[in-house]
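**Student:** 3D, please:
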Amino acid sequence: MRFVMNLKSAKKIVFSAALLLGMLAFPSVIHAADNIDVTIPTERAIYQRDNENKAQINVTVQYNGKGTVQAQVMKNGDELSEWISLTKGEGTTYSGTIANIPGGGWYQLAVKAVDSSSETELARATVEKFGVGEVFITGGQSNSCNFGGAKTTAKEDIVSAYNPNTKSWQHCEDSQPSMSGYNTGNEGGSAWPSMGDALVAKIGVPVGFVSTGVGSAKIEELRVKHYAAIRSAITDLKPYGYRAFLLHQGEADTPGTKRDAYLQSLQGLIAQTREDAGYDLNWVIAQVSYAWSNYNDTKKMESMKETQRAACNDYNIFVGPTTDDLQGEYRRPEDNLHLSEKGLIEHGKRWADVVYEKMLSSHEVVCDESLQNGTFVTEKDAYYAGDTVSVSAVPNDGYYLKMGTFQVYGQPGAVDGTSFTMHAEKAVLSAEFVTYDELANALRTDLAQAESINLELYDDASKTALASAIQTAKQVSANGAATAEEIQRASVALLTAKAGLVEKEVTEPSPTPGNKPTPQGTPLPSGTPVPTVSPTPTSNPVSTVDPVLPKKGTVIKKGALKYTITSSTQKTKTVSVKLLTNKKKTSVIIPKTISYKGHTYKVTEIGKKAFYQAKKLKTVKISSKTIKKIGKDAFKKVNAKIRIKVPSSKLKSYKKLLKGKGLGSKAKIVKL
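**Tutor:** Sure thing, here's the model as predicted:
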């Protein structure tokens, strides 16, 4: 009996020991709930750096335990950042941002879960390769994607491609991963591995691509039919960022598409990408028109490239490379249309050259050699394209800057000469510096011109603004003791009000029933239909409306504001205020309507971040009574004491619309 009892006891001891040994051998059983999965970044991911060579590393992980989650960036075992705590979101999601990580090389991301009371590490995960450098979305038709004569591979390990099908990154080698469909022939090569290698040689940091091109696609098809791939790329890469959209397209449209229709579709496509990106995404537009059987139609080819250049502004929409001249051995002999391996390599090098010159290199700011009686001073000697350059006028003793004479790139700049947008070339500044008497005479001349304007042709808000500026200018001009600063302020107000004039909506009169003249002549037999009499054209018609309506998404610049067309039909024409283009403005008017290409559009929305960071903006006058929507952060970080003046009948409803859109407690919403 005792033996049996001891045997049972021994069995219990052996079972307990085995269980304990199993737990020690497999500690994950103890913390089975503690598991970390890093979803952003994936291996080989690349983050877009800024012009200071720094990036914000957005991190997202899934963690189902109870510890706190932390992340750190390392390079070859050395710490590049402190550990930062990630914030818990919905479900098991944690996220955070590690700031100011420099461009270059491959980095490692370490993520750990820590018991907050004991500091014991509960779980850990690592991303072995991610980088900070340059990221590009590419698009267009066949020569922008996988139709080349040979598959190419980036020689540099730090060149990556994003795969939209797996939501992950991989080494950049053809055929490029894409969700834009597989047409005949697109199992071939592209220009992007070559461009990546060429760009790494210039800048020494990682380069990434995502391809959205579709063979034979026309520009309108990219805007509508095939846009899902572009939108997916923009959305997927938001945590990483991107430098620009690179477009190589035009062959399909060269033979038959009307150039104004092409331009509208292109501008609409650009506007849509920017709306989806949430900011004015850079674009580079290749000059390409080679249309195979139409290759010898040089007139059509040149008109296409001229249209492509017309869409560019040289500060955030740039003229790209051309491939029309790549003939002979640069093309596949089978079709003489798609590029050979040699052509792909040359194509990639050309893209790298343009991107480096236009966007990754800074450009000098200088004063015109003929500038007299004063000069201009900037904070730096060189800036990147798209930068807002602040300028200080420094006149010689006894001289003053004449308002409205400031020029840069041979074009008028800010009326008051305080800022301009940097282009991808040397900026040469010029202006007139004049004496006090010349300054006063200039105001009188500007005043006389303003008084000659027929204000009845313009809407109430803009003509009121000009009338007010005229009144002020009269008072200053009549004041013999007015200071130079008072004269300059009056001139700025006058010139700004003139530039901000918005034409009234012109409505063609409808025919009045019963007033139609009875035709004279031989009486018609009873029952014979009376022919319709067409009105005789006049030499001075009331309206010359373009029968082709601008496309939805078209961006329009009027004065200091940009607008986006939100509806463009015969019955409904509306726009949204997209952006204040000059953050130095102290006041701005949102009109009831704007005119564009003979059409009048009602202002019905204020877009998200439309006035974001306009810290000098003191007054916004909303003349429109048809505002239905105001976007997120529309007035975030504006002047704390801003006054927004609205129509008295809309005070209550507009206060409601403006609530939560970024205005601080000191902001005032008052009646016009």
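**Student:** which residues does Val207 bridge with?
**Tutor:** The residues paired with Val207 through beta bridges, assigned by DSSP bridges, are Glu134, Val159.
**Student:** didn't it look like it was pressed against Val200?
**Tutor:** Yes: using CB atoms under 8 Å, Val207 and Val200 qualify as a contacting pair, with a distance of 5.8 Å. Where C-beta positions appear, they are placed from N, C-alpha and C, glycine not excepted.
**Student:** Looking at the two, which is more packed in?
**Tutor:** Between Val207 and Val200, counted using other CB atoms under 10 Å, the more crowded position is Val207 (30 against 21).
**Student:** list residues touching both of Val207 and Val200?
**Tutor:** Common neighbours of Val207 and Val200, counting by CB atoms under 8 Å, 6 or more residues apart in numbering, are Glu156, Ile158, Val159.
**Student:** Reformat those residues as a markdown table; add pLDDT.
**Tutor:** As requested, the shared contacts of Val207 and Val200 are exported to a markdown table (pLDDT from 0 to 100):
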| residue | pLDDT |
| --- | --- |
| Glu156 | 98 |
| Ile158 | 98 |
| Val159 | 98 |
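**Student:** Top of those residues by number of neighbours, please.
**Tutor:** For the shared contacts of Val207 and Val200, the largest number of neighbours (other CB under 10 Å) sits with Val159, at 28 neighbours.
**Student:** All the helices of the stretch 51-200 of the chain, in order from the start?
**Tutor:** With DSSP state H, counting those that start in this stretch as the criterion, the stretch 51-200 of the chain has helices at 192-203.
**Student:** Do I have it right that Glu486 meets Ser477?
**Tutor:** No: with contacts defined as CB under 8 Å, Glu486 does not count as touching Ser477, sitting 10.1 Å away.
**Student:** Closest one to Ala228 out of the shared contacts of Val207 and Val200, please.
**Tutor:** Nearest to Ala228 among the shared contacts of Val207 and Val200 is Val159, at 26.0 Å by CB to CB.
**Student:** picking up where we left off before, and Glu486 and Ser477? Which one has more around it.
**Tutor:** The residue with more neighbours, out of Glu486 and Ser477 and counting by other CB under 10 Å, is Ser477; that gives 18 against 15.
**Student:** Tell me which residue is most central in the protein.
**Tutor:** With distances taken as CA atoms, centre = their mean, Asp280 lies nearest the centre of the chain, 1.3 Å away.
**Student:** what residues are up against that residue?
**Tutor:** Going by CB under 8 Å, 6+ apart, Asp280 touches Arg274, Asn316, Leu579.
**Student:** could you dump the shared contacts of Val207 and Val200 to JSON lines with distance to Tyr290?
**Tutor:** Formatted as JSON lines, those follow (distance: CB to CB, whole Å):
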{"residue": "Glu156", "distance to Tyr290": "29"}
{"residue": "Ile158", "distance to Tyr290": "32"}
{"residue": "Val159", "distance to Tyr290": "27"}
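**Student:** Check the gap between the nearest residue to Lys380 once chain neighbours are set aside and Leu549 for me.
**Tutor:** In space, Lys380 comes closest to Val365 once its chain neighbours are excluded; the distance is 7.6 Å by CB to CB, 6 or more residues apart in numbering. In this view, Val365 and Leu549 are 41 Å apart by CB to CB, to the nearest Å.
**Student:** more neighbours, the two?
**Tutor:** Neighbour count, other CB under 10 Å: between Val365 and Leu549, Val365 has more, with 23 against 18.
**Student:** That one is in what secondary structure piece?
**Tutor:** For Val365, the host element (DSSP states H and E) is strand 363-367.
**Student:** where does the stretch 401-550 of the chain dip in pLDDT?
**Tutor:** For the stretch 401-550 of the chain, the stretches with pLDDT under 70 are 505-548.
**Student:** element containing the residue lying closest to Tyr596 once chain neighbours are set aside?
**Tutor:** Closest residue in space to Tyr596, ignoring its immediate chain neighbours: Ile556 at 5.0 Å, by CB to CB, 6+ apart. Take DSSP H and E as the rule and Ile556 turns out to sit in strand 555-558.
**Student:** so how far is that strand from its chain's centroid?
**Tutor:** In terms of CA atoms, centre = their mean, to the nearest Å, the gap separating the centre of strand 555-558 from the centre of its chain is 14 Å.
**Student:** outside of that strand, which residues touch it?
**Tutor:** 267, 270-271, 274, 500, 502, 562-565, 575, 578, 581, 594, 596, 601.
**Student:** among those, which are in helices?
**Tutor:** Among those, the members falling in helices are Gln267, Ile270, Ala271, Arg274 (criterion: DSSP state H).
**Student:** so which of those comes closest to Arg49?
**Tutor:** Nearest to Arg49, judged by CB to CB, of the ones in helices among the contacts of strand 555-558 is Arg274 at 20.4 Å.
**Student:** The closest one and Ile230, how far apart?
**Tutor:** From Arg274 across to Ile230, the span is 12 Å (CB to CB).
**Student:** Can you report how many residues neighbour Glu502?
**Tutor:** Glu isn't right for residue 502; it's Val. Applying other CB under 10 Å, we find 24 other residues in the vicinity of Val502.
**Student:** who are the neighbours in contact with it?
**Tutor:** With contacts defined as CB under 8 Å, 6+ apart, the neighbours of Val502 are Tyr458, Asp459, Ala461, Ser462, Lys558, Pro591, Lys592, Thr593, Ile594, Ser595.
**Student:** thought the second one was touching Gly500?
**Tutor:** In other words, Asp459. No: Asp459 is not in contact with Gly500 according to CB under 8 Å; the separation is 10.5 Å.
**Student:** Give the partner strands of the strand holding Ile556 in its sheet and their orientations.
**Tutor:** In the sheet, strand 555-558 lines up with strand 561-568 (antiparallel) (DSSP bridges).
**Student:** Could you give the separation of the strand it pairs with from the chain centroid?
**Tutor:** Using CA atoms, centre = their mean, the distance between the centre of strand 561-568 and that of its chain works out at 15 Å.
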